[in-house]
Structure formats: structure tokens, C-alpha cells
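K.L.:
Here is my input, please return the structure:
(chains A and B)
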2 protein chains.
Amino acid sequence: MAGHSLISEPADLAAVRMRVEAVLNDFLDEKARLAAAHGMPAEVTDTLRAFLGAGGKRLRPLWCVTGWHAAGGRGDMAPLVKIAASLELFHAFALIHDDVMDDSGTRRGHPTVHRSLTARHHSRGSTRGAERVGTGAAILIGDIALAWADELLHTAGLTGRQLTAVLPLIDAMRTEVMRGQYLDLITTGRPTDDVERAMTITRYKTATYTVQWPLHIGAALAGANTALLEQLSEFALPIGEAFQLRDDLLGVYGHPAGTGKPCLDDLREGKHTVLVALGLQEADPEQQHALRTLLGNPDLTPEEAGRLRRLLTATGARQAVERLIEDRCQQADRVLSRSSFPPDPRPLPSVAAYDQLLRFRRRPADGQAYQEEAP
Amino acid sequence: MAGHSLISEPADLAAVRMRVEAVLNDFLDEKARLAAAHGMPAEVTDTLRAFLGAGGKRLRPLWCVTGWHAAGGRGDMAPLVKIAASLELFHAFALIHDDVMDDSGTRRGHPTVHRSLTARHHSRGSTRGAERVGTGAAILIGDIALAWADELLHTAGLTGRQLTAVLPLIDAMRTEVMRGQYLDLITTGRPTDDVERAMTITRYKTATYTVQWPLHIGAALAGANTALLEQLSEFALPIGEAFQLRDDLLGVYGHPAGTGKPCLDDLREGKHTVLVALGLQEADPEQQHALRTLLGNPDLTPEEAGRLRRLLTATGARQAVERLIEDRCQQADRVLSRSSFPPDPRPLPSVAAYDQLLRFRRRPADGQAYQEEAP
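P.N.:
I've put the predicted structure just below:
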């Protein structure tokens, strides 16, 4: 197993992002051209372009390229970058459908796809009619993003050997994230103190999907063997879990200007997160009652949200989640330090390079990203 | 180009169906086993199994196998049958999402997936909560069906050459049907007299998706060249259009016992079909006004539906659509009679064999399938 740094330097992340953007733009340009040639509405490609252009950290493409480097990938990176872009298009599908399912209003600081399409079709006599078209169009545009993720994958120019290595990983990733979403969906609205269950959702919905599978896919493209994939998992799982645990904290304590999402959504939906499960576990009877009454209340006021934040802090749940995150970061560091990815002449800033993107260690003390607990 | 009958005899259709069912059942059994092993809810596989088991004509698998025979396919049919089953799983995805988008209540004589999942989750405090979970779960189960259609495709055991031949067809089929659905969605609710537009929707949403692409995919698996694919299209397009035109008639005049769908849905939604476009084109001002007022009215009464049916008949639209269907059937017959698929020792009942399945020529005189126009 060749030893290579997980990622050469932070600047590479920017270069990878640019190449991924270029693939996505070219792909959508071609689709728009074909649609126009067949008299089809430009709405589909316009919407996807706007969605992808509105931001996003491109984590999955970045981890995919990281996996390739970790496995000593050499030579033409064009097929790799197409696979990385395909992961991003798949992610667009997942987010668009997720926002429909949660009826979220805001994503990346903009109206969500179904909301903006509902607004676009407002000229239909009734609100009900506009919502039907807007939501239906968002479901279809999500479906199209998924089909096009496949097309990018099929036309990436992989060798037969690469296809054989990568397709089972992609199929497994998809089933896993969709099952995680399913668990998330049916537990949302009635969170319990079952921390293990919340951890399972975290693992399936995010940890493996965001970090492990993209790393594996990139590594498999470079011909990685099973031993290397297993070693990457040892690093990927704690990092992925830290990412989701941080996201859960930001969902409750985050500032909309920093997260691009309203700060009440998670509380109003009553997401069954580790934070909430720990809070329910540690709460005294009075706190329990308050938590159960407020969590998942769709009409939660900002004042009540403030009360929930204080309750989750008072039970010690917030601090416990911070500790879980720190544990996981240290675990990932340990794997790296004893791994067979020794630094080559360049430094090995893998965790550090991703730290900023992933916000693993961004504590409340960082200020800006968090709002005051007391409104 | 080898000459072969399009399908050997009607009995073969039943045999093909059975093999496709077996592949789907085995696949879902394995998925259910894996879900149980990971502590995942059985709801996903249970729902897909119930949906697939509730009926369906398996048209796409049948056309796929027909294409293989037409191109002189020989040898192990196992990979072909898996691809055929993959098309059916893709179709399940399309129907499940279609029913969410149209908020249809009934499919194949049973509650639609989102309605039955809403009922299953009725224990959640509010109707709104149950609907959110039921609809979200149906969207996700549709997504999973699409991802699993891919997995069946990827694990069908195709040769590299077959993969190269088939993947572009599958990608093209998906983009086309989703774009057709998109057009359908945004024109539904405000039908016009634009017959050409309605014909475009028919072509993209159904004709190529139901007949041409499955035929091409089966033929490509058997190594068909471009000339043969083009010849198959000459046959497939009129057959596919006839199928959709008949479906449009059944959507308005069909008897629920025969179609498995309520007879008011299409009228209440205001689908922009060829039937409706022709009706609007031929209507006098008074009929125009009545048609525009009633079509797309979500609260249409059975009496008003009866009035719509009489109007569409009185304008001559119904009869005109019957003629379009007959024209297309004759066109397909002509292609067959001059094609290089000469009958081998067995007869060549292709159109006839599919006729019953597809109901091309089932006229009002057939009675049962149609209800009286006057309620």
C-alpha cells in the first residue's frame, strides 16, 4: 500500500472545487442546449444551475479526490473529477428532496427549490395549484439530478476495472443514505432519549455518506485494496460523525447568517438528534416535560426556542456533544498519525484542512457562528 | 440483420412475466434480509413488494425481451431478464412519484403509496404530521426504487460491451421520460387547444418510454446495430402513441373496475391530453366555455364529469382520437409486414399479442371497460 498524504495542501481543495464546478457547468450547458433543441422548458437546468451555484462546500467531491490521493492515484484525473461531480449532483438530488420532505423554506441562504418554483408558478389561480406544481417540479428536478448523476458516472470514461470497483460502492452508498433518511423521517417529530438510535441515524444519513463512501470511491478509482479501504473507514467514520454532531449543534445554536438555514427548523421539526436524545436522558422530570412539549412544535416562537436552547445546555447535553466531537477528532488524528499515509515532502494537513470546511472544532467561543442562547 | 419474429407466441409473455417476478422477488427478499440485519424498518421493502404485487402489465419488461428476440438474441437470458426487471423497478419509482405529484388516491385498485403510508402513520398527533411522514416516505421509497433499479442493472452480469451499448439508452430514456413528466406537470391544470404540444407530451412521457426504449434496450443487449434500432422505432412510436391515446380515453371514459383508477382524476386535474386539445379546438364558443370551466376543477361532481364526457364526444374529439389510434395501429402493422422480422415457423402475433395488454383497439363497443357517458 503506497504511502501518500491524504491531501497535499489546503490550496488543492480550491483547485479541486474549480474543476468540479467546470464539469457540472459543462454538463448542464449541454443539457440546456438539448432541452432548447427539443422545445423543452429551461426551468430544469436553470433551477439546478442556480441551486449548485448558490453555494455548498463540495465536501463529497473533495473527499473523493482525497481518497484517490490516499491510494496513490496517478495520471489523468479527468474521470476522477467527473465521478466527484457526479457525487455532487447526487447530493443536489438528496437536498432538494430533503427540503420537500421537511418543507424547509431556506437552503444556502436562498428559498428552497420547491418554494422558489411555487413562487414562479404563482400565476395559477390558486395557492394550492401553485404549491402542487412547485412541489411536483421540485420532486422531478430532484429525480432528474439523480438520473444525471448516473449519466455523469456512466460517461466519465472509467475503465471496465474501475467501473467494477466503483459501482458496488455507489450502490451501497445510495441505499445507506436513503435508509438513513428514512429512519430520520419516521423518527422526526417524536424524538426519544434513545442515543444509540440517534447515533445510527447520524452514521447512515451523514457519516458514511459524506466522508467514508466518497473516500472509498476515490480510492477504488485508484485501485485501492480492501485493507486500504478499511483503514480509510477508521478515519472517515469519526470525522463523519463529528461533522454531523457539529451540524446538530448548529441546527439548534447556529446563527442563520453562518448556516444559511433558519435556526428554528430543527427544533420545530423535532429532529431526533444525539443532542436531543442526550438532553432527554439527562433532564429532570420538569425539564423532560418542557422538552417534550416544545420539541416538534411547528409553531415554536423564538422565545420558546431560546428556552429549548437553555434547557439543552442546562441538562449538559450541549457540552456532552462537544466532548463527543472532540473525542472523534482525536480518534481521527490518531488514525492518521499511525496510518500508512505518511506525509510526503508536503505537510499533512488533512484534518486541519477540512476542519474549517467541516467546522468540527468550531466551538461556541468562536462567536459569530453561534447566537446567544438567551434571546 | 437476422430476421426473427418479434415475439414467439402469447404464452411467452406469461413466461417472461414469471421470470421477471422471480428476479424482483429475490432482489427484494435480499434487501429485506439486509434491512433486518441492520435494524432498519421493513416498511421500505414491504411497501415495494406490495406495490409490485398489486398488478401492473409489466409492459416494459415484455417489450425489452421482445427487442432481444427481434435482434436475434441467443443464449443465457438471465442478464436480459434482470435488465427487464430493472425497467419495472424504475417504473415503480416513476408511478410512486407520479401519484405523489398528482396526489392520486388509487393505483391498481389499491390506495397509492403515499396514501397508505399516511394511513400507517396516522397515530402521529395530527393529520398534517401523518401526511408529512406519508408523503415523505413515498418520495423516499420512490428514490430507493430508482437506486435499486440501478443496482439491478449494475449487477445483471452484463459484458462490458453490453454495458457500453445499454447505458446510454437507459440514460436517454430516463431524461426523456422525466422531461415528459415535467411538461405534463406544468401544463396540467390549464389545458389548451395545442394538439401538437399534447402529442409531444404523449411521445416523451409514454410512447418512447413504454415501447421504444425497452425494445431498443433488449435489442442492444443482443447486439443490434443502429439500422435495426431505427426500424424498431418505426414500429414502436405508433404503438406507443396508440397506447397513450387509449389511456387518455380510458382516463375520461374508462370504468374504474377496468382501469384500477377513479374515473374523475384526469378531468379534475385538467390533464393536457390530445383528447382535450382536440375537444377545445373543435368546440363552439359555448362548448369552449363549458370545457374551460369544468376541466381542472378539483371539486368536479360526477354529474359535471358526465357533462364533460358528453361535450368531448359531441365535439367529435373522442371519435378523432379513436381514428388516431386506428391509424397508428395500421402504421405499426405496415412496418411489421415489410420489416425484416419475418415470421419464423411460429406465427407473428406481435401486435395482436400486445393488443390485449395494451388495449390499443379496445373500442367503446367492448362495453365493460367503458362506462356510459350519461351518468
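K.L.:
CA atoms for contacts and neighbours, from now on please.
P.N.:
Fine.
K.L.:
Enumerate the residues of the stretch 151-300 of chain A near chain B.
P.N.:
Residues of the stretch 151-300 of chain A lying close to chain B by Cα under 8 Å from any Cα of the partner chain are A:151, A:154, A:160, A:167-168, A:171, A:174-175, A:178-179, A:181-183, A:185-186, A:189.
K.L.:
May I ask which of those has the most neighbours?
P.N.:
Highest neighbour count within those, by other Cα atoms under 10 Å in any protein chain shown: A:Tyr182, with 26 neighbours.
K.L.:
so it, which of the three states?
P.N.:
helix (DSSP: H, G, I helix; E, B strand; the rest coil).
K.L.:
Wait, it touches B:Leu140, no?
P.N.:
Yes. Applying Cα atoms under 8 Å, one finds A:Tyr182 in contact with B:Leu140, separated by 6.9 Å.
K.L.:
Mind telling me which residue is nearest the centre of chain A?
P.N.:
For chain A, the residue sitting closest to the mean C-alpha position, by Cα atoms, centre = their mean, is A:Thr210 at 5.7 Å.
K.L.:
mind listing what that residue touches?
P.N.:
If you count contacts by Cα atoms under 8 Å, 6 or more residues apart in numbering or on different chains, A:Thr210 has them with A:Leu59, A:Arg60, A:Gly240.
K.L.:
about what we covered before: find residues that contact each of A:Tyr182 and B:Leu140.
P.N.:
Common neighbours of A:Tyr182 and B:Leu140 (Cα under 8 Å, 6+ apart) do not exist.
K.L.:
Now for A:Leu237: which residues touch it?
P.N.:
Contact analysis of A:Leu237 by Cα under 8 Å, 6+ apart lists A:Arg203, A:Ala207, A:Thr208, A:Val211, A:Gln212.
K.L.:
Neighbours of the second one, how many?
P.N.:
When you say that, I think you mean A:Ala207. A:Ala207, neighbours per other Cα under 10 Å, totals 25.
K.L.:
Equivalent analysis for the first one, please.
P.N.:
One way to gauge burial is a neighbour count; for A:Arg203, by other Cα under 10 Å, it gives 21.
K.L.:
From what I see, it and A:Glu241 are in contact.
P.N.:
Yes. In this structure, A:Arg203 is within contact of A:Glu241 by Cα under 8 Å, at 6.4 Å.
K.L.:
related to what we said a few turns ago, wait, which of the contacts of A:Leu237 is closest to chain B?
P.N.:
A:Arg203 (12.0 Å; Cα to the nearest Cα).
K.L.:
So what does the closest one look like in phi/psi?
P.N.:
phi -70, psi -50 (degrees, to the nearest 10).
K.L.:
where do the helices sit along the stretch 201-350 of chain A?
P.N.:
A:213-221, A:226-253, A:256-259, A:265-269, A:274-282, A:285-294, A:302-314, A:317-338, A:350-358 (DSSP state H, counting those that start in this stretch).
K.L.:
meant to ask about the stretch 51-200 of chain A, not that
P.N.:
Ranges of helices in the stretch 51-200 of chain A, per DSSP H, counting those that start in this stretch, are A:59-70, A:78-102, A:113-120, A:127-154, A:160-187, A:195-202.
K.L.:
For the ones you listed, give me CSV that also has distance to B:Leu146 and mean pLDDT.
P.N.:
Shown next, in CSV, are those (distance: least, Cα to Cα, whole Å; pLDDT from 0 to 100):
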stretch, distance to B:Leu146, mean pLDDT
helix A:59-70, 21, 89
helix A:78-102, 12, 96
helix A:113-120, 21, 94
helix A:127-154, 9, 94
helix A:160-187, 10, 93
helix A:195-202, 22, 91
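K.L.:
most tightly surrounded among those helices?
P.N.:
Here the criterion is mean neighbour count by mean count of other Cα atoms under 10 Å in any protein chain shown, and of those the winner is helix A:59-70, at a mean of 27.
K.L.:
Would you mind pulling up the elements that that one packs against?
P.N.:
On a contact count with 3 or more Cα pairs under 8 Å, 6 or more residues apart in numbering or on different chains; DSSP states H and E, helix A:59-70 meets helix A:10-37, helix A:78-102, helix A:213-221.
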